[in-house]
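Trainee: I'll drop the sequence and a predicted model, then ask my questions.
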Amino acid sequence: MIPYGKHHIDRADIQAVIDVLENQFLTQGQQVPAFERALADYCTAKYAVAVNSGTSALHIACLSLGVGPDDSVWTSPLSFVASANCARYCGADVDFVDIDPVSRNICIQALAIKLQQAKASNSLPKALVVVHYAGLSCDMQGIRELTQPLGIALIEDASHALGGSYQQKPVGSCEYSDACVMSFHPVKSITSAEGGAVLTNSSELERKLRLFASHGITREPSQMQGKSDGLWYYQQVELGYNYRLSDLHAALGLSQLKKLTGFVKARKEKARRYTQAFQDLAIELPVESEMAESAWHLYAIALREHNRSEIFSRLQEAGIGVNVHYIPIHLQPYYQKLGFRPGDFPNAEGFYQRALTLPLYPDLTADNQQQVIDAVISILR
């Protein structure tokens, strides 16, 4: 079975982990700070805070921006549930903004209308979590122009988009956002096995992120109440969590980061091959943007004339590990209990009904990709 996504690990990655096992601290050593610095430099952000998952990164981003029980957070319905759950972890309400059916990112027109209505009813969100679906950046400047005058914090969920760019700057630069979240799950642009990070240009936000990621504990005298008792002393000043990344994971992530440019180049080449091969089929292909270069985490098509369940099954039978990204979050039973209903966000629901994700990863061979292409064309025709 050809999987829809797969990590690439080489001898350098393995040796980096072995070196930590044999010679260094397994946790709270030098690998995590080195990974954070390298990630911040790559993305041209001032700070990066590495944690144990993208979900943890979303949670501490919300906490650090002051999201609490009396607040609401908006996000895209077309994402993994973590993009909304992070607000619920803080006790906040969640709402969604429908997608643009072409870019599959949050629709700016829908956002503008919803913000206008919320302002009139005094129900503006505390934060907006925008999702760079499949690796293509949202129009961050346009979104920032809508949210900044209203005092709404802006978080980029760039779990798909490390290695992509917006306005010729790396995704993660936080040019138009307060914070940008990355994921290093094995199918993402790079992997640390499990892991995530928050990037920001705010020193105050970085301080809070580090507190929430490590039990709310500080050893910095300037952040303590009263005087320190000595070099061993620490204080818990917030209710934090144990979201720290181990040095084993960081060593793998740091080694992988050195190969990121090559990984994304390979993904782009394979995505273009798909696009060229499928031009004449009755399907909607993912778009590219003049203002953004996708990291091509996913290659998701949308069927026009075919039964998705039947096509999915036939491709699986042909050894093609297709997938679907995503079931809209508001259709999940948990969110249905909160009052959301089918029909609330028709663009996201319509795309979901027709969506199919094809295999795409750096090590996908030309022969295997041709096998995918031939199967898709044969079955759809």
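Mentor: That came through fine.
Trainee: could you give the number of residues near the residue nearest to Asp98 when sequence neighbours are not counted?
Mentor: Using CB to CB, 6 or more residues apart in numbering and skipping residues adjacent in sequence, the residue nearest Asp98 is Phe345, 4.3 Å away. Quick note: C-beta positions are derived from backbone N, CA and C, even for glycine. Counted with other CB atoms under 10 Å, the neighbours of Phe345 add up to 25.
Trainee: likewise for Leu331?
Mentor: 18.
Trainee: wait, isn't it in contact with Phe340?
Mentor: Yes - the pair Leu331 and Phe340 passes the contact test of CB atoms under 8 Å, sitting 7.5 Å apart.
Trainee: and stretch 186-197, how far apart are its ends?
Mentor: 15 Å (CA to CA, to the nearest Å).
Trainee: and what of stretch 271-286?
Mentor: 9 Å.
Trainee: need the residues that contact that stretch.
Mentor: Identification of contacts with stretch 271-286 by CB atoms under 8 Å, 6 or more residues apart in numbering yields 104, 134, 136, 294, 296, 298-306, 354, 358, 360, 369, 372-373, 376-377, 380-381.
Trainee: counting neighbours, which of those residues end up buried?
Mentor: 104, 134, 136, 294, 296, 298-303, 306, 354, 358, 360, 369, 372-373, 376, 380 (16 or more other CB atoms under 10 Å).
Trainee: show me those residues that map onto strands.
Mentor: Tyr299, Ala300, Ile301, Ala302, Leu303, Leu358 (DSSP state E).
Trainee: which residues touch stretch 221-238?
Mentor: Against stretch 221-238 from outside (CB under 8 Å, 6+ apart): Arg207, Lys208, Leu211, Phe212, His215, Gly216, Ile217, Thr218, Arg219.
Trainee: grab the nearest non-local neighbour of the fifth one.
Mentor: Spelled out, it's His215. Gly240 (4.5 Å).
Trainee: surely that neighbour meets Arg210?
Mentor: No - contact criterion CB under 8 Å: Gly240 and Arg210 do not qualify, at 9.0 Å.
Trainee: which secondary structure elements does whichever strand or helix holds Val17 contact?
Mentor: If you go by DSSP states H and E, Val17 is part of helix 11-23. The contact analysis (3 or more CB pairs under 8 Å, 6 or more residues apart in numbering; DSSP states H and E) places helix 11-23 against helix 247-257.
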